[in-house]
Structures are given as C-alpha cells and as structure tokens.
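# Turn this into a model:
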Amino acid sequence: MTTARTAAPAHRAQVALPPPTSLPRRLLKHPRLMHYNRLILLVWTVNLAFLATRPDGGLGPRTLSHAALANFLLAIVVRQQYVVNLLFRLATAAPTSWPLRIRWALAKVYHFGGLHVGGATAGALWFLALVGSLTRHGAPAATLAVSYALLGLLVAIVATALPPFRARFHDHFEKAHRFGGWAALALLWAQTVLTTLDERGGGSAADALLTAPELWTVAVLTFSVALPWLRLRRVPVAIERPSSHVALVRFDHGVTPFAGSSTAVSRSPLLEWHSFANVPAPGQAGFRLTISRAGDWTGKFIDDLPSHVWVKGITTAGVANIETLFTKVIYVATGSGIGPCLPHLLAREVPARLVWATRDPRRTYGDGLVDEILAVQPDALIWDTSEHGKPDMVELAYAAYAEFGAEAVICISNKKLTWQVVHGMERRGIPAYGAIWDS
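Reported below is the predicted structural model:
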C-alpha cells in the first residue's frame, strides 16, 4: 500500500471472503446468464411467440416486413443516447427503501445492449424469411436485387459483430458497423419503397408512400441514426500530460455534462470514435477526460497532443450511474479506471469508498489528481502496484465492502479483472457491477 498521504493506514484488518451462495443462486449469477444474455433471449422468445400465434398462411411478405422492421427499430432506438439516458433515469428512480433484490436487478439497466443484439439478430432472420417469400411470390427484379443486396450486408454486419471477431478486430468491427449500417439503411429505404409500391392497389404512388407505416418506421430509424451526427462539432482542448502514460484533457466549450456520463471523441470523425468518462468538477464549467495509453489511438493521442478534437451526440449515462440505487457503494478501479469513478467521488451524491490499484499513482497521474481524490476520499485504499505488486482485487473489494457497510460494488477495470470482481462478489450474494464491453 502507499504511504498514509495517499492511502488509508496500512494496518487494515484482513477480512476473509464469505463462502459462495447456494448452487442455484450461483448459476443464476454466472456470466453466461447475465442480464445482457437474458434480454437477448427475451427478444427471441417474444419473436417466437409471435411466430407461434400466426395462423397457417399468415406469414406473407407484409407480415414478415413488419416483423423485421419492428426488430430493427428496437435494435437501433435502444442505442440512441436520449433513450439510454431515459432508461437509466427510469431504473434509478427507485428509492433505496425498496428491497435490495429489486434494486439489484434494476441496477443491471446498463445491460440494455441485449435488446440491441436480440432485435438485430431477430430482424435479420425475419428479413431472410422476407427475401425468401418475395422470391417465391415472384417479386419484381429490382425489388429482389435490392433485397438480396441488403440481406448480404446484414449477414456481414452480424458476422463482424460476433464476439470472437469483435474482440480481435475491434476497429474493423466499428467500421463495418458504421459504414455497413449506413449502407444498410440506404438499401432499407430503397427496399421499403419498392415493396410498398409493389403492394399498392389503386391511387397514386405518393399517397401509398405517405400512408405506409413501413416508411414512417424507416424514417424514425434514420432520424435515430442521424441525430448524434447532427451534433458533430470540432472543439478546442487543453491537455496536461503528467506522464507518458496519461493525458488529462480539459474541455470548456459551453458544455458541462452530468457526473457519470461519457463523451465520444475523435480526430478522424468518419473513421474512429472512442468514449471516455466525463469528469466535471462541482461548481465549475466544462469537464475533463482521463485518457490512458491502451492502444494505438490512445498512444498516438498522448504522444501527439491535439489542439482540437471532434465530439458528437450527447453525453450518455454510464454504468456507475446506478450508484443512487444503493445507500453505500464501493468503487473498485485499476489504472485509468479512476476516470469514470472520479466524477461520482467528487459529486458525493452517495456515500462511497474507493479501492484503487495503479502503478505509482503520483508519478503516473500527477500530484494534483491524487490530492483531488484524497480530498474527497481520505480513507481511500490506493495500492501502488509498482511497489507492492498486483493485489487480489476480489479480497480488497470485499474487505472494503464489509468494513464500510456498503450495499454494492462497482468495478471499473479491464475486462478480465472486471469479471473477476463482479462474478466474485455476485456469487457470494453481493450486488456488483462493471462494464460488459458490448459496443
């Protein structure tokens, strides 16, 4: 542990980890049964139920088109930033007097990406059935050509979004999702217009299009996709580099985001975007981002500090916003994971205790940042990994949880350690939360 200037006293009592809960409860807390996957299963179940209720011959092209569009609408709108913020606001509106089991489940709101995956995959399958139906019914050549092109593009988008590809080639996944998504939206417009005109009876083409619910649905999809880009702008930044590992980026362009939100930034807005947690200071305008060296983009950013960056969309709620559902929380962070924790620690909306493991915190992040943390977290445990090696974060998290009398643990770290802490707590009956890397 670090010295008393940067951590609580080193003589903290050791607390033994409690035994795991019963086997059925442990199984329900297994990562493969997390709420993200349950939501995917829920969407598929609803679609299967709809399929089961259709009478014989009730799956014509129009029904298949409506089913596909409904799922695509869910997949796209649930990722829209205003919708994400609304979901968090609704989920965290529950008072802390509610039973812990209910608040425990509500705090899993950040797993909403399961609705996106469920809707996207189900929509692609419905569209596959639609293309088959159009082929069987002898649709015009132009309609079939556009439909098959869109189907191929949807298959490519789904394939590149599968976890093995996404984890290994994340940059390619993002580009395929962005440019493939735009191309798919354009083809969806063409396909929807063509099928609407193919099916119309009498009357003018304009009347048929203006009254078609399919076209209005596609319009909503388009608006949802376009909205973040309508807020695209290039803004100046002031950057402090306390070490070759970290850049502290300050924004002051008339926006002060709420604590626990994130901002997407880029140097090449058509190619690559990265989201970082906003760190507003209470009573001050603007905000900061903590950018740590963790890849090519962040490395180049730290080595070649820009004077301006691009931002788009609106600030979006992050996982740690669920803190208000609990009376006390433990924040567990490693390295630059302190960034998403810091705004909540500064805001002091919920009593919290910090456990932070990082390499030489003062040399890496600067005295200013460490002193700022200690000013609001005098009892924080800051573990210097360069001096004491890597600790068992599950043990440290539980010791802080037991000592502080907390209700939940929030972990901000890399994927492997986040799952170790979250699963290590939950299988022992302790509410725990952390990013799920679904984007």
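
# Residue 238 belongs to a helix?
No - per DSSP: H, G, I helix; E, B strand; the rest coil, residue 238 lies outside any helix segment and is strand.

# what are the bridge partners for it, then?
residue 250 (DSSP bridges).

# So residue 117 belongs to a strand, correct?
No - according to three-state DSSP, the state of residue 117 is helix, so it is not within a strand.

# Tell me how many other residues surround it.
20 (other Cβ atoms under 10 Å). For every residue, glycine as well, the C-beta is placed using N, CA and C.

# State the distance from it to residue 287.
Distance of residue 117 to residue 287, given as Cβ to Cβ, to the nearest Å: 31 Å.

# low-scoring stretches of the stretch 101-250 of the chain, by residue?
The model of the stretch 101-250 of the chain has pLDDT under 70 over residues 200-211.

# How are the helices of it distributed by residue range?
113-136, 141-160, 163-168, 170-199, 205-210, 213-230 (DSSP state H, counting those that start in this stretch).

# If you count contacts, what does the fourth one end up packed against?
The one in question is helix 170-199. When contacts are defined as 3 or more Cβ pairs under 8 Å, 6 or more residues apart in numbering; DSSP states H and E, helix 170-199 packs onto helix 61-77, helix 141-160, helix 163-168, helix 205-210, helix 213-230, strand 272-277.

# got these as JSON lines, with mean neighbour count and distance to residue 413 columns?
Output for these, formatted as JSON lines (neighbours: other Cβ atoms under 10 Å; distance: least, Cβ to Cβ, whole Å):
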{"stretch": "helix 61-77", "mean neighbour count": "20", "distance to residue 413": "29"}
{"stretch": "helix 141-160", "mean neighbour count": "17", "distance to residue 413": "26"}
{"stretch": "helix 163-168", "mean neighbour count": "12", "distance to residue 413": "17"}
{"stretch": "helix 205-210", "mean neighbour count": "12", "distance to residue 413": "51"}
{"stretch": "helix 213-230", "mean neighbour count": "15", "distance to residue 413": "27"}
{"stretch": "strand 272-277", "mean neighbour count": "19", "distance to residue 413": "13"}
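
# In TSV, list those along with distance to residue 176.
Below are the helices and strands packed on helix 170-199 laid out as TSV (distance: least, Cβ to Cβ, whole Å):
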stretch	distance to residue 176
helix 61-77	15
helix 141-160	4
helix 163-168	9
helix 205-210	30
helix 213-230	15
strand 272-277	13
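
# Relative to residue 247, which of those is closest?
Proximity to residue 247 (Cβ to Cβ) singles out strand 272-277 among those, at 10.3 Å.

# between the closest one and helix 213-230, what angle do the directions make?
Put simply, strand 272-277 runs at 70 degrees to helix 213-230, going by axes from the mean of the first three to the mean of the last three Cα atoms, to 10 degrees.

# and the next helix-or-strand element following strand 272-277, how far out from the chain's middle?
Using DSSP states H and E, the helix or strand that follows strand 272-277 in sequence is strand 287-292. Here the centre of strand 287-292 is set off from its chain's centre by 18 Å, with Cα atoms, centre = their mean, to the nearest Å.

# quick revisit: can you redo the helices of the stretch 101-250 of the chain as a markdown table with distance to residue 89?
Output for the helices of the stretch 101-250 of the chain, formatted as a markdown table (distance: least, Cβ to Cβ, whole Å):
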| stretch | distance to residue 89 |
| --- | --- |
| helix 113-136 | 17 |
| helix 141-160 | 30 |
| helix 163-168 | 29 |
| helix 170-199 | 26 |
| helix 205-210 | 35 |
| helix 213-230 | 18 |
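
# nearest to residue 401, of those?
helix 113-136 (26.8 Å).

# Which stretches in the stretch 301-439 of the chain count as helices?
Taking DSSP H, counting those that start in this stretch as the criterion, the stretch 301-439 of the chain carries its helices at 338-347, 361-365, 367-376, 385-388, 393-404, 415-426.

# Excluding chain neighbours, give the residue nearest to residue 129 in space.
Distances taken as Cβ to Cβ, 6 or more residues apart in numbering put residue 64 closest to residue 129, at 5.2 Å, once the chain neighbours are dropped.

# Please disregard the earlier target; I meant residue 128.
Per Cβ to Cβ, 6+ apart, closest to residue 128 is residue 151, 6.2 Å.

# Go through the helices of the stretch 301-439 of the chain and pick out the most buried.
helix 338-347 (a mean of 24; mean count of other Cβ atoms under 10 Å).

# which outside residues touch that one?
Contacts to helix 338-347, defined as Cβ atoms under 8 Å, 6 or more residues apart in numbering, come from residues 259-260, 262, 276-282, 289-290, 292, 318-320, 323, 331, 333, 350, 352, 354, 356, 358, 365, 369, 372-373, 376-377, 410, 412.

# Dump it to PDB, keeping only the CA atoms.
These are the backbone C-alpha positions of helix 338-347, laid out as PDB (Å, rounded to 0.1, in the frame of the first residue of the first chain):
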ATOM      1  CA  ILE A 338     -10.200   6.000 -11.800                       C
ATOM      2  CA  GLY A 339     -11.600   8.300 -14.600                       C
ATOM      3  CA  PRO A 340     -15.200   7.000 -14.500                       C
ATOM      4  CA  CYS A 341     -15.100   6.800 -10.700                       C
ATOM      5  CA  LEU A 342     -13.800  10.300 -10.100                       C
ATOM      6  CA  PRO A 343     -16.900  12.300 -11.000                       C
ATOM      7  CA  HIS A 344     -19.100  10.300  -8.600                       C
ATOM      8  CA  LEU A 345     -16.500  10.600  -5.900                       C
ATOM      9  CA  LEU A 346     -16.400  14.400  -6.400                       C
ATOM     10  CA  ALA A 347     -20.200  14.700  -6.500                       C
END
